[in-house]
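1. Pasting a predicted model and its sequence here:
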Amino acid sequence: MRFALVMLLVAVVATRAEAGRGTASLKYLPDDTSIVLASDVARARGSAIFKKLFKLARDQNATLDAIASAQPVEKLVDTIVIGATPNQTAVVVLEGRIDKLLAEAKKQATKTDTHEGVTYWVTADGELAVIDKKLVFASPGLLTAVIDRAKDKKAKGPGPVRTIMAATQPNVAVFGGAQLDSSMKSQFNKSLGAEPQWAAFSFGMAQKLTVDVRLKFVDETAAAAAAKTINDQLTPDRRGQLEAFVGKEFSDSLTVDPQQSFARIAATLTGDEVEKVVSFAKMFM
């Protein structure tokens with residue numbers, strides 16, 4: 001739980017989605033990537049929502065906090081793509097003015113090594129290198145495989161990951177998705193009467209946070225059944241509970257609709273409502 005939340009929060013640090021929505025960086029991700037995240041910091045950095053989430057990300061990640069204390073990370077990075085695996089390993093690819101970030105990261109290195117002509121640095125909690133003018137961080141033992149994939153001109157990234165990214169919304173601050181394991185599919189099936197295959201999500205950050213989550217089902221019938229089940233559960237009493245727990249904006253704006261083989265869940269949150277959710281999330285970190 002903590003790992004997934006930290007990965008989501010770190011994702012608010014960066015990407016320029018219009019520069020290919022991070023597609024070119026998907027090739028560096030492991031074949032078993034189950035969670036993929038990207039973000040457009042140019043759209044988000046001026047919003048109060050972004051500032052709240054970036055502060056929480058720093059609170060939860062000592063390396064990020066150390067680098068951000070020395071350098072304005074959110075101003076130097078243009079693009080980030082994050083891929084996480086079921087084993088809680090990850091690869092993070094940054095694009096932008098990376099020289100200063102590299103210098104700060106190298107200060108934490110315990111040794112240097114080389115693979116296929118690429119120099120990389122080993123730290124206490126991972127490895128890092130500059131590959132194709134991108135700053136790449138990886139969990140221990142993963143970086144040599146990243147270098148190999150980078151040298152493969154035919155590599156495009158895991159097929160399921162590319163499918164998920166294609167289902168996200170354009171012009172948003174954070175986007176990505178997740179493959180659902182058998183346990184999660186079973187839980188969804190029990191509560192919705194249908195089994196989703198994967199989920200895509202898109203978050204817009206301005207004065208309010210807009211949320212768009214799409215659950216992918218095997219066909220339109222299953223998606224419609226799931227959407228109906230969720231709507232049936234959104235009784236006036238349940239919306240009242242959501243208003244008390246999160247806020248009126250979220251409760252009033254929450255909608256669920258079937259769209260072809262997807263069940264789409266959409267909502268907006270004010271800054272105060274985001275603060276409530278963040279405070280709740282901290283309890284699990």
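-> Sure thing, it's come through.
2. where does the stretch 51-200 of the chain dip in pLDDT?
-> For the stretch 51-200 of the chain, the stretches with pLDDT under 70 are 52-53, 56-57, 60-64.
3. so where do the strands sit in it?
-> For the stretch 51-200 of the chain, the strands defined by DSSP state E, counting those that start in this stretch occupy 77-84, 90-96, 109-115, 118-123, 126-131, 134-138, 174-179, 198-205.
4. Include mean neighbour count and distance to Leu215 when you put those into CSV, please.
-> No exception for glycine: its C-beta is placed from N, CA and C like everyone else's. Putting the strands of the stretch 51-200 of the chain into CSV (neighbours: other Cβ atoms under 10 Å; distance: least, Cβ to Cβ, whole Å) gives the following:
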stretch, mean neighbour count, distance to Leu215
strand 77-84, 25, 19
strand 90-96, 24, 24
strand 109-115, 12, 40
strand 118-123, 17, 37
strand 126-131, 21, 32
strand 134-138, 22, 30
strand 174-179, 24, 10
strand 198-205, 22, 5
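5. Helices along the stretch 101-250 of the chain, start to end?
-> 143-151, 159-166, 182-192, 220-233, 236-245, 248-253 (DSSP state H, counting those that start in this stretch).
6. would you turn the ones you listed into CSV with distance to Leu209 and mean neighbour count?
-> Listed next are those as CSV, based on distance: least, Cβ to Cβ, whole Å; neighbours: other Cβ atoms under 10 Å:
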stretch, distance to Leu209, mean neighbour count
helix 143-151, 32, 18
helix 159-166, 20, 17
helix 182-192, 24, 13
helix 220-233, 20, 17
helix 236-245, 15, 12
helix 248-253, 9, 17
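7. With distance to Asp32 as extra columns, can I get those in CSV?
-> Shown next, in CSV, are those (distance: least, Cβ to Cβ, whole Å):
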stretch, distance to Asp32
helix 143-151, 11
helix 159-166, 10
helix 182-192, 15
helix 220-233, 26
helix 236-245, 35
helix 248-253, 34
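8. Turn the strands of the stretch 51-200 of the chain into JSON lines, including distance to Thr268.
-> Shown next, in JSON lines, are the strands of the stretch 51-200 of the chain (distance: least, Cβ to Cβ, whole Å):
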{"stretch": "strand 77-84", "distance to Thr268": "24"}
{"stretch": "strand 90-96", "distance to Thr268": "29"}
{"stretch": "strand 109-115", "distance to Thr268": "43"}
{"stretch": "strand 118-123", "distance to Thr268": "39"}
{"stretch": "strand 126-131", "distance to Thr268": "36"}
{"stretch": "strand 134-138", "distance to Thr268": "33"}
{"stretch": "strand 174-179", "distance to Thr268": "15"}
{"stretch": "strand 198-205", "distance to Thr268": "9"}
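9. for those strands, which one sits closest to Tyr28?
-> Checking those against Tyr28 by Cβ to Cβ gives strand 90-96 as the closest, at 5.2 Å.
10. Against Ala129, how distant is Thr114?
-> 10 Å (Cβ to Cβ, to the nearest Å).
11. For these two, list the residues in contact with both.
-> Overlap of the contact sets of Thr114 and Ala129 (by Cβ atoms under 8 Å, 6 or more residues apart in numbering) consists of Tyr120.
12. how close does Thr119 sit to Thr255?
-> To Thr255, Thr119 is 51 Å away according to Cβ to Cβ.
13. buried set for whatever helix or strand Ala263 lives in?
-> Taking DSSP states H and E as the criterion, Ala263 maps to strand 262-269. By neighbour count with 16 or more other Cβ atoms under 10 Å, strand 262-269 contains the buried residues Phe262, Ala263, Arg264, Ile265, Ala267, Thr268, Leu269.
14. Going by distance to Ala224, which of these wins?
-> Nearest member of the buried residues of strand 262-269 to Ala224, counting by Cβ to Cβ, is Ala263, at 8.0 Å.
15. So what sits opposite the residue most central in space within the chain in the bridge?
-> For the chain, Leu37 is the residue whose C-alpha lies nearest the centre (Cα atoms, centre = their mean; 2.9 Å). With DSSP bridges as the criterion, Leu37 is bridged to Ile82, Gly176.
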